[in-house]
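Undergrad: can you look at this prediction? I've put the sequence above it.
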Amino acid sequence: MIKLRTHHLLCIPRFYSGGYDKKFARNMKQLVHNIRKNPNQKIKIVVGKPDDLCKSCPHLKEEKCKNPEEVEKWVILEDKKVAKYLKIKPNSIHIAKEIFNLSIQRVGNKDVKRICKECPFIENCLHVGLNKSFERDINKKLKWK
């Protein structure tokens with residue numbers, strides 16, 4: 001099961017590897033690939049604590065964010081804001097394609113501009129927009145042999 005912060009539900013469908021720390025980008029690329037290949041896997045939603053993407057963040061030390069306190073507070077606020085916007089509860093468990101389809105359907109670029117306006121990576125997301133191949137991959141019909 002993958003653990004994801006709620007705000008990462010907006011980041012992943014808009015991900016491209018530019019602008020991030022290399023270790024973080026490599027981990028995110030692997031996680032995105034895993035979701036694309038296994039869209040029926042379970043996702044556990046976490047709010048206000050590190051997830052499977054955070055584990056490769058250069059600011060995470062001993063399961064704690066070592067960014068300035070105001071940055072950590074801002075990230076927690078983002079998690080809460082996205083959880084409320086998507087109407088999902090902390091510690092809830094979802095099927096990957098269902099939770100990402102919810103995110104994709106409910107959050108367009110206008111919403112990203114409003115919800116993520118203080119994020120240092122917002123320009124990446126707005127430049128790339130929604131990754132249509134991610135959406136297509138998570139919704140592929142499995143073919144039985």
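TA: Sure thing, it's come through.
Undergrad: please count neighbours and contacts with C-alpha atoms only from this point.
TA: OK.
Undergrad: shaky segments in this structure?
TA: Scanning the chain for pLDDT under 70 picks out the ranges 17-19, 68, 141-145.
Undergrad: tell me the helix or strand right after the top helix by length along it.
TA: As assigned by DSSP state H, the longest helix anywhere in the chain is helix 69-86. Per DSSP states H and E, the first helix or strand lying C-terminal to helix 69-86 is strand 93-95.
Undergrad: report the buried residues of that next one.
TA: Using 16 or more other CA atoms under 10 Å as the test for burial, strand 93-95 gives I93, H94.
Undergrad: so what strands line up beside that strand?
TA: Counting by DSSP bridges, the strands paired with strand 93-95 are strand 42-46 (antiparallel).
Undergrad: report the buried residues of the strand it pairs with.
TA: Buried positions in strand 42-46, judged by neighbour count with 16+ other CA under 10 Å: K42, I43, K44, I45, V46.
Undergrad: next one: stretch 51-64 to chain centre, how far?
TA: How far stretch 51-64 lies from its chain's middle: 14 Å, per CA atoms, centre = their mean, to the nearest Å.
Undergrad: meant to ask about stretch 94-106
TA: With CA atoms, centre = their mean, you get 11 Å for stretch 94-106.
Undergrad: stretch 105-118 now?
TA: Its chain's C-alpha centre and that of stretch 105-118 lie 13 Å apart, by CA atoms, centre = their mean.
Undergrad: contacting residues around it?
TA: Contact partners of stretch 105-118, identified using CA atoms under 8 Å, 6 or more residues apart in numbering, comprise L10, E78, K81, V82, L86, I122, L126, G129, L130.
Undergrad: now do the contacts for F24.
TA: Counting by CA under 8 Å, 6+ apart, F24 makes contact with L53, C54, S56, C57, P58.
Undergrad: from those residues, which is closest to D137?
TA: Minimum distance to D137 across the contacts of F24 is 20.1 Å, recorded for L53 (CA to CA).
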